[in-house]
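Sequence first, then the predicted structure:
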Amino acid sequence: MGKRKPYLRSTVWALFLWAALRIGNYAAAFPWVLNDAPDVTQDIRTRVEFAYAAAHTAAQATNSVTNLWHLGRAAFDRAALESRAETKSSFAEVGITASRAALQKDPKSAPAHYYLALCLGELARTRKFSALRLIREMQQEFERARGLDETLDFAGPDRGLGMLYLEAPGWPTSIGDRKKARSHLEQAVKLAGEYPDNHLSLLEALLRAKDARATEAEWAVLESIWPKAREQFSGESWDNDWIDWESRRAGLEARVRRLLPRTLAK
């Protein structure tokens, strides 16, 4: 099915729009919402742009289910690089349209549901009043993808649901639920324990819960799989993933150190 880029986490920032709505000042409250595009090298940006152009051409030439969800994936990657709302939403809408077209041809296409969810997340980051509706649709599409292929993109559907439940505000405002978040992220680790993103995401949930014992155990697992992951996920196509993963690992390590100073002092 092809691998995912590390932009899944960026989509969950849309969940914070609810707070801006409550205080009535979207831009002032969260100026970073539309200005946190990944800090990538020009080589990485060029590869993403080339992949998008190629996928767009292929989908126009032969709008097969596969070509359409490939375009959905490429459009998501492209949208995730943009900080301007107008540009981001334009690419996201291309991905949404392509993914929906794929689902019209094959409603049981797990990748089409999955990339539709991701593109909806990027679109939500550019919206105010419709953001929460889009988030609920993301939830539904991740669930559909999970029901069809839970192993897709190294357990991407569970990882996506876990991050949604972790970052969203809780009832009655939205769908946030930390117990569900932890459950889905633990399942992602169970399904694809070799994939660093799953462990990093689970660690985020455990740290927020201040579960010291589980955090210590999961940090040890992350440390143990890191060298092998470096070998398994190697090559220029993984460069941007490692930029993301290394940055997140460093941030998590600082928080683990505060929670478990004796563990990291060993």
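Nice, I can see it.

Could you pull up the contacting residues of residue 79?
When the contact criterion is Cβ atoms under 8 Å, 6 or more residues apart in numbering, the partners of residue 79 are 88-92, 95, 119, 122-123. Yep, even glycine has a C-beta here, placed from its N, CA and C like the rest.

State the pLDDT value of it.
Here, the pLDDT recorded for residue 79 equals 95.

from the contacts of residue 79, which is closest to residue 187?
Nearest to residue 187 out of the contacts of residue 79 is residue 119 (Cβ to Cβ; 23.4 Å).

For the spatially closest residue to that closest one that is not a sequence neighbour, grab the count of nearby residues.
Using Cβ to Cβ, 6 or more residues apart in numbering and skipping residues adjacent in sequence, the residue nearest residue 119 is residue 95, 3.5 Å away. By the criterion of other Cβ atoms under 10 Å, residue 95 has 29 neighbours.

Now do the helix or strand harbouring residue 95: distance to the chain's middle.
Assigned by DSSP states H and E, residue 95 falls within helix 85-105. Averaging C-alpha positions (Cα atoms, centre = their mean, to the nearest Å) puts helix 85-105 16 Å from its chain's average.

helices and strands around it, which ones?
In terms of contacts (3 or more Cβ pairs under 8 Å, 6 or more residues apart in numbering; DSSP states H and E), helix 85-105 is packed against helix 42-61, helix 65-80, helix 110-124.

Now render the contacts of residue 79 as JSON lines, adding pLDDT.
Converted to JSON lines, the contacts of residue 79 look like this (pLDDT from 0 to 100):
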{"residue": "88", "pLDDT": "96"}
{"residue": "89", "pLDDT": "96"}
{"residue": "90", "pLDDT": "97"}
{"residue": "91", "pLDDT": "98"}
{"residue": "92", "pLDDT": "97"}
{"residue": "95", "pLDDT": "98"}
{"residue": "119", "pLDDT": "97"}
{"residue": "122", "pLDDT": "94"}
{"residue": "123", "pLDDT": "94"}
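
Closest one of those to residue 66?
Nearest member of the contacts of residue 79 to residue 66, counting by Cβ to Cβ, is residue 95, at 14.8 Å.

My read is that that closest one contacts residue 114, right?
No - in terms of Cβ atoms under 8 Å, residue 95 does not count as a neighbour of residue 114; the distance is 11.2 Å.

wait, residue 126 sits on residue 91?
No - counting by Cβ under 8 Å, residue 126 sits too far from residue 91 to count as a contact (10.4 Å).

which residues touch the helix holding residue 95?
The contact list for helix 85-105, computed with Cβ under 8 Å, 6+ apart, reads 34, 52, 56, 59, 63-65, 68-69, 71-76, 78-79, 82, 109, 111-113, 115-116, 118-120, 122-123, 125-127.

For ChimeraX, write the selection for the buried entries among those.
Typed into ChimeraX, the line below selects the buried ones among the contacts of helix 85-105, using 16 or more other Cβ atoms under 10 Å:
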select :34,52,56,59,65,68,69,71,72,73,74,75,76,78,79,82,109,111,112,113,115,116,118,119,120,122,123,125,126,127
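
where are the low-confidence patches of the stretch 1-150 of the chain?
1-39, 129 (pLDDT under 70).

try the stretch 151-266 of the chain
Using pLDDT under 70, the flagged stretches of the stretch 151-266 of the chain are 262-266.
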